[in-house]
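Student: pasting the sequence and the predicted coordinates here, then a few questions.
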Amino acid sequence: MNRSARRSAEQVVASARDWVWIPVDARRHTTAELDIVAYPDHFGMPTQVLRSAADGPLEELLERARHVARGWGRPTLFWWVSGDSTPDLAVPAEVTVRRVDDEPSVRASEVVAATAFGSGPTPEERLPSILAETLSAWQDRTGFRSLAYRRAVPAATGGCTMAGPVARLWGAGALPAHRGKGAYRAVLDHRLRVARELGATLALVKGRVATSGPILRRAGFTSYGVEHCYRLPV
């Protein structure tokens, strides 16, 4: 193939995205945000979202798609997502995030983490060394910590350690009163953005199935297995 006939990766992806077949007897719902097709009932995937795009919360987009499917009497939606999709974590305006970089933010982060995970308070004498380690990691571009505030109150925190191009996300948790309010999502979003600025091409996280798991999946993470922890009395 000569040089003039080559196509960019973006052009190839766009062409593949436009490659769909829709039978004449199918029903179709098309808006700027959604393209949904109701194929005949005998199809293996009879109701499919072929394209989706929205600037608002993901849950609202999901509900609009469900509404269309319910109107057609279809109980299940199959949703196609391309590799270049970018989920919106829909962080509320009342939630802000900063990098932990001074004594007050370290103290607040430690309090949030201890409460979120049910552990004991961090000894006062440990705070200066934690701050020093945090600042050193940031200076060396090997890691950082994020702290989210909801209505100016510390609400969630989490850390990131860089292992080459891999961002290892750890220690994220939100205070009980702020769960489900966007604080955890804000910390996740902040860590991903900063890690990308530091050169990350892959983010890894070990999330708890019953708490952070659903949020991580909605953000685009894929589960590759489950770890179990057993308590052994000695």
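Tutor: Yep, it's here.

Student: biggest strand in the protein, by residue count?
Tutor: strand 153-163 (DSSP state E).

Student: how about that strand: buried residues?
Tutor: 154-162 (16 or more other CB atoms under 10 Å). Any C-beta I mention is one placed from the backbone N, CA and C, and that applies to glycine too.

Student: closest one of those residues to residue 58?
Tutor: Within the buried residues of strand 153-163, the smallest distance to residue 58 is 18.7 Å, found for residue 156 (CB to CB).

Student: so how far is residue 118 from that closest one?
Tutor: For residue 156, the distance to residue 118 equals 15 Å [CB to CB, to the nearest Å].

Student: just residue 70 next, same as before
Tutor: 41 Å.

Student: just want to know which of those two has more residues nearby.
Tutor: For residue 70 versus residue 118, neighbours defined as other CB atoms under 10 Å are more numerous around residue 70 (11 against 7).

Student: from the contact counts, what lies against the host helix or strand of that one?
Tutor: Counting by DSSP states H and E, the element that carries residue 70 is helix 58-71. Here helix 58-71 touches strand 34-38, strand 47-52, going by 3 or more CB pairs under 8 Å, 6 or more residues apart in numbering; DSSP states H and E.

Student: put together CSV for the buried residues of strand 153-163, with pLDDT and distance to residue 136 on each row.
Tutor: Converted to CSV, those look like this (pLDDT from 0 to 100; distance: CB to CB, whole Å):
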residue, pLDDT, distance to residue 136
154, 97, 23
155, 97, 26
156, 97, 24
157, 98, 18
158, 97, 19
159, 97, 14
160, 97, 14
161, 97, 12
162, 97, 13
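
Student: can you pull out the strands in the protein?
Tutor: Going by DSSP E, the chain shows strands at 27-30, 34-38, 47-52, 78-79, 95-99, 143-150, 153-163, 166-174, 202-205.

Student: which helices and strands does the shortest one pack with?
Tutor: Looking back up the chat, that one is strand 78-79. Packed next to strand 78-79, using 3+ CB pairs under 8 Å, 6+ apart, are strand 47-52.

Student: who's in contact with the strand it packs on?
Tutor: For strand 47-52, contacts defined as CB atoms under 8 Å, 6 or more residues apart in numbering pick out 17, 20, 33-39, 61, 65, 69, 72, 74, 76-81.

Student: for stretch 218-234, same thing?
Tutor: 58, 85-87, 89, 185, 188, 203, 205-207, 209, 213, 217.
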